[in-house]
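Peer 1: got a structure for you, letters missing:
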DNA sequence: CGAGCTTTTGAACGCAGTCAACAATTGTGG
DNA sequence: CCACAATTGTTGACTGCGTTCAAAAGCTCG
């Protein structure tokens, strides 16, 4: 249940192909991208607020998050990345980082120079459009999270987040019969949902008690997706997946 | 204090020029874009969730918002647009609308065909990059709003929102000595901040009592920006404005 | 096997939501 | 220009979801 076997370039090809078919030349351009591999331990920043990066980071294995802190010391996680995502693709056109990106679990990442990426984008407008689209889907997820955090109570929020993770992980082949790895602590779940760790814990217990999820260690099982979807007021439209990934 | 005198194409040129200098040819390409003008009354949808638009909408005058509703009838406003913004630029690469866009105040808008925009983007990669950047700044604002709604209490949230509006409106010349028009009801403010109208009202009164804002009708005055910035835990970094617009 | 993290539990407190009524403002037609 | 309707803003009282603090119990890993 890991993506380690896929080559970095191949992962990108597969991802973009889920949107439209690439020509052989376009595929080759992606595979030829120079990618510098690295491992990152949990809780380590990959890029930090205020940085002016000259490269972007492709997540190959593990989970990363985009986060920011308020002055009074609270942290909010604004996005979660799963393998195949590019957490800081926006840095390609935004000079300075407006938030930090950190590994949540042990991560394998690949760094790509902005200059290389820009060259590819200029030569292949369809690839540029596809990358642009990626960032637009990210933005769509932000919008849904705003609704989630702003208007739903924590029980529903948690259900919604778990639904999203199930759909996104399934799209990259990381879910097996309703079960997936979620290498995240409850403190981080709280930071994701804008709540306190104590309350996050109680809500998880409630979801378990209601039979919406089962957990063993860092593994989550969703026995009845329909019920979780209902509890989370979840509609996958905002993920902009292909038809066959939505079902 | 209106942008009505500017031509639609000129408005876009001015906006993109705040990022980098356009060549004459690029400027001309923008000015030549076919733009269909329209007026929209308050509370009217410009595009709706589920739509598959073939055009995009440039806001010339007034305020629009991006919003979504939860199943139990609550509304969350995820974004506010001020003149010069393109509320649904993301529809250029996202087939189906994942949220609705509505006029808040009486609006003047200009519609541009996706096909025209795509043509310009393919021919002028720098313009494509500039539009892409626009959507990335939108995303950055979503991230900050997630922090705002997730982690700050309503008093601070409100202050933060008002700071953002001041900065953004000032960047398009709609603020005069700390005063700007805010044609928004308190119900809408509540929907922006993920709170109830009653509580929004009380927080506004508190801000008034503390001398952070003054209001007369739909006009807001910020007598001491530094104090409002402090109360809102506000850092304009995330707006990615030019240096001189930040000061 | 102990150190350190993560999860769980209990109890008190407080921010914010809800309901309901009233005041003020805005807009409209006569 | 006034009278009336409709929308918007304001207030009070009650309720409840969620926070905070503190401590205990379970895990993980060297």
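Peer 2: Received it, and whenever you're ready, just let me know what you need. What you see is a predicted model, and the numbers here were worked out from it, not measured in a lab. Numbers count the residues shown, from 1 in each chain, chains lettered A, B, ... in the order given.

Peer 1: Let me know the secondary structure of residue A:57.
Peer 2: Following DSSP: H, G, I helix; E, B strand; the rest coil, the label given to residue A:57 is strand.

Peer 1: can you pull up the bridge partners for it?
Peer 2: Beta-bridge pairing for residue A:57 (DSSP bridges): residue A:111.

Peer 1: got it, and residue A:179?
Peer 2: Going by DSSP bridges, residue A:179 forms beta bridges with residue A:176, residue A:221.

Peer 1: OK, contacts around it?
Peer 2: A:219-222 (Cβ atoms under 8 Å, 6 or more residues apart in numbering or on different chains). Heads up, the C-betas are built off the backbone N, CA and C, glycines and all.

Peer 1: and if we set it to 7 Å?
Peer 2: Applying Cβ atoms under 7 Å, 6 or more residues apart in numbering or on different chains to residue A:179 gives the contacts A:219-221.

Peer 1: can you put the residues you listed in CSV and add neighbour count and pLDDT?
Peer 2: CSV is the format used below for those (neighbours: other Cβ atoms under 10 Å in any protein chain shown; pLDDT from 0 to 100):
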residue, neighbour count, pLDDT
A:219, 13, 96
A:220, 22, 98
A:221, 13, 98
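
Peer 1: List phi and psi for the residue nearest the centre of chain A.
Peer 2: Nearest to the mean C-alpha position of chain A, counting by Cα atoms, centre = their mean, stands residue A:81 at 2.1 Å. Main-chain dihedrals, residue A:81, degrees, to the nearest 10: phi -110, psi 140.

Peer 1: before we move on, what about residue A:241?
Peer 2: Residue torsions, per degrees, to the nearest 10, at residue A:241 are phi -80, psi 160.

Peer 1: what's the angle between the longest helix seen in chain A and helix B:125-151?
Peer 2: When chain A is parsed with DSSP state H, its longest helix is helix A:125-151. If you take axes from the mean of the first three to the mean of the last three Cα atoms, to 10 degrees, helix A:125-151 sits at 20 degrees to helix B:125-151.

Peer 1: right, is helix A:125-151 up against DNA strand C?
Peer 2: No. Judged by Cβ under 7 Å from any atom of the strand, helix A:125-151 stays clear of DNA strand C, getting no closer than 8.8 Å.

Peer 1: Adding distance to residue B:47, write the contacts of residue A:179 out as a markdown table.
Peer 2: Shown next, in a markdown table, are these (distance: Cβ to Cβ, whole Å):
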| residue | distance to residue B:47 |
| --- | --- |
| A:219 | 41 |
| A:220 | 36 |
| A:221 | 39 |
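
Peer 1: Just to check, residue A:190 is in contact with residue A:202?
Peer 2: No. Counting by Cβ atoms under 7 Å, residue A:190 stays clear of residue A:202, with 10.9 Å between them.

Peer 1: quick one, which of the two is more surrounded?
Peer 2: The residue with more neighbours, out of residue A:190 and residue A:202, is residue A:190; 22 against 14, by other Cβ atoms under 10 Å in any protein chain shown.

Peer 1: Name the helix or strand for the nearest residue to the more buried one once chain neighbours are set aside, please.
Peer 2: Once flanking residues are discounted, residue A:190 sits nearest to residue A:200: 4.0 Å by Cβ to Cβ, 6 or more residues apart in numbering or on different chains. Using DSSP states H and E, residue A:200 maps to helix A:197-209.

Peer 1: Could you list the buried residues of that helix?
Peer 2: A:200, A:203-204, A:207 (16 or more other Cβ atoms under 10 Å in any protein chain shown).

Peer 1: how far does the lowest-mean-pLDDT helix or strand in chain A sit from the chain's center?
Peer 2: When each helix and strand of chain A is scored by mean pLDDT, DSSP states H and E, helix A:243-246 comes last, with a mean of 72. Centroid separation for helix A:243-246 versus its chain: 18 Å, with Cα atoms, centre = their mean, to the nearest Å.

Peer 1: sorry, back to before: same for the longest helix of chain A, what does it pack against?
Peer 2: helix A:24-31, strand A:75-81, helix A:114-123, helix A:154-171, strand B:64-69, strand B:75-81, helix B:125-151 (3 or more Cβ pairs under 7 Å, 6 or more residues apart in numbering or on different chains; DSSP states H and E).

Peer 1: which bits of chain A sit near DNA strand C?
Peer 2: Of all the residues in chain A, those lying near DNA strand C are A:185-187, A:197-198, A:201-202, A:204-205, going by Cβ under 7 Å from any atom of the strand.

Peer 1: Contacts only, for the closest residue to DNA strand C within chain A.
Peer 2: Closest approach between chain A and DNA strand C, counting by Cβ to the nearest atom of the strand: residue A:186, at 3.2 Å. Shown in contact with residue A:186 (Cβ under 7 Å, 6+ apart): A:197, A:200-201, A:204.

Peer 1: Make TSV out of the residues you listed and add distance to residue A:62 and pLDDT.
Peer 2: Listed next are the contacts of residue A:186 as TSV, based on distance: Cβ to Cβ, whole Å; pLDDT from 0 to 100:
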residue	distance to residue A:62	pLDDT
A:197	22	98
A:200	21	98
A:201	24	98
A:204	22	98
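
Peer 1: which among those residues gets closest to chain B?
Peer 2: residue A:200 (12.6 Å; Cβ to the nearest Cβ).

Peer 1: Surely the closest one touches residue A:188?
Peer 2: No. Residue A:200 is not in contact with residue A:188 according to Cβ under 7 Å; the separation is 9.1 Å.

Peer 1: pLDDT below threshold where in chain A?
Peer 2: A:1-6, A:247 (pLDDT under 70).

Peer 1: need the residues of it near DNA strand D, please.
Peer 2: Going by Cβ under 7 Å from any atom of the strand, the residues of chain A near DNA strand D are A:153-155, A:194-196, A:198-199, A:202, A:217.

Peer 1: which of those tops the neighbour count?
Peer 2: That'd be residue A:194 among the residues of chain A next to DNA strand D, by other Cβ under 10 Å, with 24 neighbours.
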